[in-house]
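Visitor: Provided below are the primary sequence and the corresponding predicted coordinates.
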Amino acid sequence: MAYRCRTCGISPCMSLCTECFKNGNHKLHDFNMFISQAGGACDCGDTSVMKETGFCDRHGSNRSKNKPSAPTDLMCVAEAMMPRIILRLIQHLRENSRNGSPDAYKGAIQDTDSFISMLLDFNDMGSLMRRVITQALTNPQMYKMLNEVSQSTTNSEYAQYMADSKRIYEDALRSLPNPEPMDEYRDCPSLQEHLTHRTFLEELVFWTVKFEFPQKIVCLLLNMLPDPDYKESLTKAFVLHYSRISTMLERSSDPDTLSNRVVHVSVQLFSNESLALRMTEQHNLLQVMVVSLKYMMSKILIQNTLHDPDKNFHYVVDCGRPVMKEHCYWPLVSDLNNVLSHRPVALKFMADDTLLEMWFTFLSMFQGMNVNQRELSQHVEFEPNTYYAAFSAELEASAYPMWALVSHLADESTVSLTRRVLSACLSSLLEWLDAINFTSPNVSDSVQVSFHLPLHRYLAVFLCQAVAKQGLTLNEILPHSDTLHLLMMHPLRVQVSKLNYFCSF
């Protein structure tokens, strides 16, 4: 059971456990009670998620008043032991990664249940013990030291064990391939072919991805978010592995559950505007997200059959594939919509010409997909089941980000960004017309149509915004009349096909 207080919340995704909610000051506030299906963290004490006025007495600003400070040597045993406790968890995950089957992963996580419960109990002791855990997780020197074996003990049983553990770990790293990045982003750590971990936290996030976000480990990672330094470190580690998540979503035997667990983590990290902006500026978050989406869709492309298939060199997504039918892309799109809701991040997106080009290349994979063919000779006994997949994909992966971007273009101060988007969109449309060999507005094939034209939709919506809100005129931004004639034909065909359908023609 959890609570969400809209009066105190900075992020719409904030949640409070029952104890913190009842001990906080939420009288006459706008709140609701809900059952958290995925479990997770209580946000009490996190100033980036909620206002301090809603904190309970255990997490509020008065929690340390009239309380003596802890002796400096009180936590010395915990500080010495905690890195080794975390190392043992890491070793267990390494040992049980070799099988590779979902059932083996579940069994390995079940075996850690009491161990992780112990770490959760340590975290619940308060901020002092939480700080010991987070420092052990984020200390690169400690990670390096405990993973190395001294020369004097190279022949020992433990040294042999650590050597085997390292080999298993390296094999696991190679089992999660990375999307091929563009040349501009080859230096981006999150898009490197070979992952490099520098802390226990980074490796623990890797195993979280590899084991498909086991709930107990997710809860452990999220329960320490009230520590701001740890929250930033966890977000960096999550971004570092983000491109690998798309691979896991494709492979998963239960993509729906995995999707919910991924978003349960990401929504608590990316809902913070300042943190999302830092990840964008320092770790190429937007580029990583778009590359991950492109990578996922590029693996299910088929040749487009619109007009003359022999002269059509455009490729679109296959709506009959599991990635589309089971909405495996949904977590990535949800995260992108989340970060684009932050104005500074959205403005950076639209100011980057390379990123816009990459985005419209991604959208072109939906342009003209799921071609509908009119049957003229016999009744269709079974309707294809790709309609829902196609319309859902265009709505979630194209329309939602579009409206998120447009919402930030409300006046003349952002007119230059609108021009950039329109230029990139028109360039993609012209490439599409060339790829499908559509050179004349005279169309002879009236027996087929695609209802999916996201590039046209972007052009229309951003043109409307430029004229209605930003003071531009159509003469300034419309392409040549010959190009307009070509652009208008496919939306017109959709209208004609709709009327034919209504007339049972």
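Guide: In hand now; what should we look at? Keep in mind that this is a model prediction, so the values were computed, not measured.

Visitor: helix or strand for residue 89, which one?
Guide: Remark: residue 89 resides in helix 76-95, with elements defined by DSSP states H and E.

Visitor: For whichever helix or strand comes after that helix, list the C-alpha coordinates in CSV.
Guide: Reading on from helix 76-95 to the C-terminus, the next helix or strand found by DSSP H and E is helix 102-111. Listed in CSV are the C-alpha atoms of helix 102-111, where the atom choice follows Å, rounded to 0.1, in the frame of the first residue of the first chain:
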residue,chain,number,x,y,z
PRO,A,102,15.1,-17.6,-16.9
ASP,A,103,14.3,-20.4,-14.4
ALA,A,104,18.0,-20.5,-13.4
TYR,A,105,18.0,-16.8,-12.9
LYS,A,106,14.8,-16.9,-10.8
GLY,A,107,16.4,-19.6,-8.6
ALA,A,108,19.5,-17.6,-8.1
ILE,A,109,17.6,-14.6,-7.0
GLN,A,110,15.4,-16.7,-4.7
ASP,A,111,18.6,-17.9,-3.1
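
Visitor: got any ranges where the stretch 401-505 of the chain has weak pLDDT?
Guide: Low-confidence segments of the stretch 401-505 of the chain, defined by pLDDT under 70, are located at 445, 504-505.

Visitor: repeat for the stretch 51-200 of the chain
Guide: The stretch 51-200 of the chain contains residues with pLDDT under 70 at 60-70, 150-154.

Visitor: Helices along that one, start to end?
Guide: If you assign secondary structure with DSSP state H, counting those that start in this stretch, the helices in the stretch 51-200 of the chain sit at 76-95, 102-111, 113-124, 127-138, 140-147, 157-174, 200-210.

Visitor: contacting residues for residue 99?
Guide: Taking CB atoms under 8 Å, 6 or more residues apart in numbering, we find residue 99 in contact with residue 105. Every C-beta, even on glycine, is put in place using the N, C-alpha and C of the backbone.

Visitor: Repeat that for the one 5 residues further on.
Guide: When contacts are counted by CB under 8 Å, 6+ apart, residue 104 touches residue 96.

Visitor: can you check residue 365 too?
Guide: Contacts of residue 365 were listed using CB under 8 Å, 6+ apart, and they are 294, 297, 298, 301, 315, 316, 317.

Visitor: Would you confirm that residue 443 contacts residue 497?
Guide: No. Here residue 443 lies out of contact with residue 497, judged by CB atoms under 8 Å, at a distance of 11.7 Å.

Visitor: Comparing these two, which residue is more hemmed in?
Guide: Under the neighbour definition other CB atoms under 10 Å, residue 443 and residue 497 were set side by side, and residue 497 has more, 19 against 14.

Visitor: what separates the more buried one from residue 373, distance-wise?
Guide: For residue 497, the distance to residue 373 equals 11 Å [CB to CB, to the nearest Å].

Visitor: So residue 47, which state does it fall into?
Guide: Look at residue 47: counting by DSSP: H, G, I helix; E, B strand; the rest coil, its state is coil.

Visitor: which residue ranges form the helices in the stretch 301-450 of the chain?
Guide: When secondary structure is read from DSSP H, counting those that start in this stretch, the stretch 301-450 of the chain shows helices at 322-325, 330-340, 343-351, 353-364, 387-394, 400-406, 415-435.

Visitor: So which residues make contact with the second one?
Guide: I take that to be helix 330-340. Counting by CB under 8 Å, 6+ apart, helix 330-340 makes contact with 245-246, 249, 259, 262-263, 266-267, 270-271, 276, 280, 285-286, 289-290, 292-293, 296, 345-346, 349, 396-397, 400-401, 404-405, all of which sit outside it.
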